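A.B. asks: here is my input; please provide its structure:
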Amino acid sequence: MAPNAQINNYLHNHYEGMDPKQLILALYKGALDRLKLAMEGIEENSIKKRGENLSKLIAIISELNASVDASMKDESTEFLRGLYNAMLMELPKVSINNDIKILKRTEAYILKLKEIWENDVMAEEKANKLKVVKKTKETVKQSLVAAFKENSPETNFSSISV
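C.D. replies: Numbering: from 1, shown residues only. Sure thing, here's the model as predicted:
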């Protein structure tokens, strides 16, 4: 198998079974990495580095935008769509004029969105998982106590002699 095919196969399998909430977090992290590399490309005067990473950044933001539920019409969802669309309109300008301000502004937005995602969505999911674990633990404990009460011997260990 060719190296590129192996990498694509790994990535496909790695992300295929991932929880959608974890995938969104991975996209935010990837966007921040690509932003950093695009800025480095500008600072190093590397057109290739800037262009490749800017292109990947735009693809990631497009994917984030596409992941927003189209059926939701509330104010916060519309704001998020507008923010993604504004970034998608501004980022191509960086390839023309090397405007780091656009990248810095995009970075600030992505950092805040990632923070909100981690602190609200991911924390809520973690709390729900902890509730399930705690409830399961309590249920198991109650089942064990009930099972031992039903099957407990008439004598205790101190009354057994060898």
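
A.B. asks: where in the chain is pLDDT low?
C.D. replies: Across the chain, residues meeting the criterion (pLDDT under 70) sit at 1-17, 125-162.

A.B. asks: quick one, helices of it?
C.D. replies: 3-16, 20-43, 47-67, 75-97, 100-116, 123-150 (DSSP state H).

A.B. asks: ok, the closest residue to residue 61 other than its chain neighbours - contacts?
C.D. replies: Of all residues not flanking residue 61 in the chain, residue 87 sits nearest, at 5.3 Å (CB to CB, 6 or more residues apart in numbering). Every residue, glycine included, has its C-beta placed from N, CA and C. Residues in contact with residue 87 (CB atoms under 8 Å, 6 or more residues apart in numbering) are 61, 106, 109.

A.B. asks: how much space between residue 87 and residue 80?
C.D. replies: 11 Å (CB to CB, to the nearest Å).

A.B. asks: same question for residue 68.
C.D. replies: Looking at residue 68 against residue 80, where the rule is CB to CB, the gap reads 6 Å.

A.B. asks: tell me which of these two has more neighbours.
C.D. replies: Using other CB atoms under 10 Å, the more surrounded residue of residue 68 and residue 80 is residue 80, with 17 against 13.

A.B. asks: ok, the nearest residue to residue 98 once chain neighbours are set aside - contacts?
C.D. replies: Nearest residue to residue 98, sequence neighbours excluded (CB to CB, 6+ apart): residue 42, at 4.9 Å. Counting by CB under 8 Å, 6+ apart, residue 42 touches 50, 94, 98, 100, 103.
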